[in-house]
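**Student:** Build me a model:
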Amino acid sequence: MQVKLLPTPEQASALAATLAACNTAATEVAALARQLGCYRNYDLRQHTYHRIKIDHRLGAQAAQHVIKKVADAYATLKANIRAGNLGRPGSRRRRRAETGPVRFRSDAAQPYDARMLSWQADARTLSISSRSAPPLGFDHHGRWGETVDMGEIKVGTSSWADRSLLTSGWYPRSANTPAGRLAYYAERFGLVEVDTTYYAVPAPETTSAWVDRTPPDFTFNVKAFGLFTGHGAELAALPRDLRPDGRDTGRVRRRDLPEPTYDELWQRFREAVAPIAGAGKLGVLLFQFPPWLAHGERAKRRILDAAERCRPWRVAVELRNASWFDGDNAPDSVGFLARHDISMVSVDMPQGHESSIPPLLLATAEPAVMRFHGHSAEWSTGGKEDRFRYAYGDDELADWAKRLRGLAGETDELHVLLNNCCAGQAQRDAATLAGMLGPEADWPGRHARRRAALRVVR
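**Tutor:** Residues are numbered from 1 along each chain as shown. This is a model prediction of the structure:
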């Protein structure tokens, strides 16, 4: 169903200009994709994102969707070629499809992403689209009823190597090395959150090793270094040549570092992330801002500065001050993140604390991200293990599975992370939840099928 807001002539003209610029940019990106031989969304973003933003004066969201439009077009083209829909091998039609770049007509722009997102002019939505009634069919339990087209669901945990997990018995004795443990984890989950990058910036050799130990379609969500979100850090966590006054002990905050040193620290962080991104395994860079970062224009500028330093990589933000969702601040906060193409992290956590955020399931950008912190009674008073010591019951997880499947119907990709990391509980709950979510989250089954296919090929 289409719901139209009647624009003013000026707004209609601005929208028409934006759509024309999007199609011109799409044709340019398609030609470059053919020239470079890269057709994946991530690869195209690396080569074209900043270029089309500047050359065609597109916003971040429009530029991202133009690139996705091109990637989707090439995926469709390749599927049609494989299916024989574009003529026999050697035919004129087939040669034209295989050798020429995809082109977009000047009037081709329509809402094309999974959420039927509309373009905007002067920050006012001119066209709002909603889905029609879901089609009838069999759901993943074999029951007849309404079905929903769902995005991919990736389930994982917020660490694979914390101390309590290593001593919990979740890993078998044969997985007795860092490489063996990551490989074992990656057979069971397709997503993991890298927690160690919050405490220190790893060497690129370390992140390259993580890439080598995981399957091709595995995903890492990388937590941003603490100094980038306003937290303090141990001096020993900084590279030796970037430590102020040559000191090795104590703590340091952002204000203690000269601007060139801070910029260089960002550059080292990007160099550490680059091997993951280059392999197509980077999900989002996760920024967990501190509980004292309250809603306001200054806080928004801090978030935008961090996001712009990360582009074209995807960014997710977890807000941990209740003021972001008080009264009229809630739609302002959600709209701010959506306008700047930043994923808002939805959370399940104890309520009634200064850092408590309501469990809002929203997709402000791709991918949608959901983190489960548990409901420990010692959230405000306990140490790290006590704060996250919680076991989700089957009824809780079943209820969340229904809600998450609904969210997956509104987005292309959903990341679900269990952060109740205490003695392997997150891994157990993640496996249970993935089973309840159905085939879209069946990573072990997909991994087993992939290995069987590899055996056949060999």
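**Student:** okay, CA-based contacts and neighbour counts for the rest of this
**Tutor:** Fine.
**Student:** which residues sit against the helix or strand where Ala209 lies?
**Tutor:** In the assignment (DSSP states H and E), Ala209 maps to helix 204-212. Residues from elsewhere that reach helix 204-212 (Cα atoms under 8 Å, 6 or more residues apart in numbering): 179, 182, 271-276, 279, 281.
**Student:** For these, give me CSV that also has pLDDT, distance to Ala316 and secondary structure.
**Tutor:** Shown next, in CSV, are the contacts of helix 204-212 (pLDDT from 0 to 100; distance: Cα to Cα, whole Å; DSSP: H, G, I helix; E, B strand; the rest coil):
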residue, pLDDT, distance to Ala316, secondary structure
Ala179, 93, 27, helix
Leu182, 95, 24, helix
Glu271, 95, 19, helix
Ala272, 95, 18, helix
Val273, 95, 15, helix
Ala274, 95, 17, helix
Pro275, 94, 19, helix
Ile276, 95, 17, helix
Ala279, 91, 20, coil
Lys281, 94, 16, coil
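**Student:** for Ile153, helix, strand, or coil?
**Tutor:** Secondary structure, DSSP: H, G, I helix; E, B strand; the rest coil: Ile153 is strand.
**Student:** That one contacts Val416, doesn't it?
**Tutor:** Yes. Counting by Cα atoms under 8 Å, Ile153 does reach Val416; the two are 7.4 Å apart.
**Student:** tally of neighbours for Gly438?
**Tutor:** When counting by other Cα atoms under 10 Å, one arrives at 15 neighbours for Gly438.
**Student:** measure it to Arg405 for me?
**Tutor:** 9 Å (Cα to Cα, to the nearest Å).
**Student:** And Ala83, by the same measure?
**Tutor:** Counting by Cα to Cα - Ala83 and Arg405 are separated by 31 Å.
**Student:** who has more neighbours, those two?
**Tutor:** Legend: neighbour count by other Cα under 10 Å for Ala83 and Arg405, higher for Arg405 (21 against 10).
**Student:** The more buried one belongs to a strand?
**Tutor:** No. Using three-state DSSP, the secondary structure at Arg405 is helix, not a strand.
**Student:** Quick check: which ranges of the protein have low pLDDT?
**Tutor:** By pLDDT under 70, the low-scoring segments of the chain are 1-8, 10-12, 14-15, 42, 61, 105-150, 246, 380, 440, 445-458.
**Student:** Mind jotting down where the helices sit in it?
**Tutor:** For the chain, the helices defined by DSSP state H cover 9-36, 41-55, 60-82, 92-99, 163-166, 178-188, 204-212, 259-278, 297-310, 329-339, 384-387, 394-408, 425-437, 443-457.
**Student:** Please identify the buried residues of the third one?
**Tutor:** Read that as helix 60-82. Buried residues in helix 60-82, defined by neighbour count with 16 or more other Cα atoms under 10 Å: 60-74, 77, 81.
**Student:** Output it as CSV, nothing but the C-alphas.
**Tutor:** Extracted C-alpha coordinates of helix 60-82, given in CSV (Å, rounded to 0.1, in the frame of the first residue of the first chain):
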residue,chain,number,x,y,z
ALA,A,60,25.3,8.9,3.2
GLN,A,61,22.1,6.9,3.1
ALA,A,62,21.4,7.6,-0.6
ALA,A,63,25.0,6.7,-1.5
GLN,A,64,24.8,3.4,0.3
HIS,A,65,21.6,2.5,-1.4
VAL,A,66,22.9,3.4,-4.8
ILE,A,67,25.8,1.0,-4.3
LYS,A,68,23.4,-1.7,-3.0
LYS,A,69,21.2,-1.2,-6.0
VAL,A,70,24.1,-1.9,-8.3
ALA,A,71,25.3,-5.0,-6.4
ASP,A,72,21.7,-6.4,-6.4
ALA,A,73,21.5,-5.7,-10.2
TYR,A,74,24.6,-7.7,-10.9
ALA,A,75,23.5,-10.5,-8.6
THR,A,76,20.2,-10.7,-10.6
LEU,A,77,22.1,-10.5,-13.9
LYS,A,78,24.4,-13.4,-12.9
ALA,A,79,21.4,-15.5,-11.7
ASN,A,80,19.7,-15.0,-15.0
ILE,A,81,22.8,-15.9,-17.0
ARG,A,82,23.2,-19.1,-14.9
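**Student:** close enough to count as contact, Leu238 and Tyr198?
**Tutor:** No. Leu238 lies out of contact with Tyr198 (Cα under 8 Å); the separation is 11.7 Å.
**Student:** Compare neighbour counts for those two and give me the winner.
**Tutor:** Tyr198 (22 against 18).
**Student:** ok, now which ones touch the more buried one?
**Tutor:** Residues in contact with Tyr198 (Cα under 8 Å, 6+ apart) are 223-226.
**Student:** Compile those into JSON lines and extend it with columns for neighbour count.
**Tutor:** As requested, the contacts of Tyr198 are exported to JSON lines (neighbours: other Cα atoms under 10 Å):
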{"residue": "Lys223", "neighbour count": "20"}
{"residue": "Ala224", "neighbour count": "26"}
{"residue": "Phe225", "neighbour count": "27"}
{"residue": "Gly226", "neighbour count": "22"}
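**Student:** Show me the two of those that sit farthest apart.
**Tutor:** By the measure Cα to Cα, Lys223 and Gly226 form the most distant pair in those, at 8.6 Å.
**Student:** so of the helices of the chain, which one's packed in deepest?
**Tutor:** Most buried of the helices of the chain, by mean neighbour count (mean count of other Cα atoms under 10 Å): helix 425-437, with a mean of 22.
**Student:** mind checking how far that one is from the chain centre?
**Tutor:** 20 Å (Cα atoms, centre = their mean, to the nearest Å).
**Student:** helices and strands around that helix, which ones?
**Tutor:** The contact analysis (3 or more Cα pairs under 8 Å, 6 or more residues apart in numbering; DSSP states H and E) places helix 425-437 against strand 152-157, helix 394-408, strand 413-418.
**Student:** what does that helix contact?
**Tutor:** With contacts defined as Cα under 8 Å, 6+ apart, helix 425-437 is touched by 155-157, 188, 390-392, 394, 397-398, 401-402, 404-405, 417-421, 441-442.
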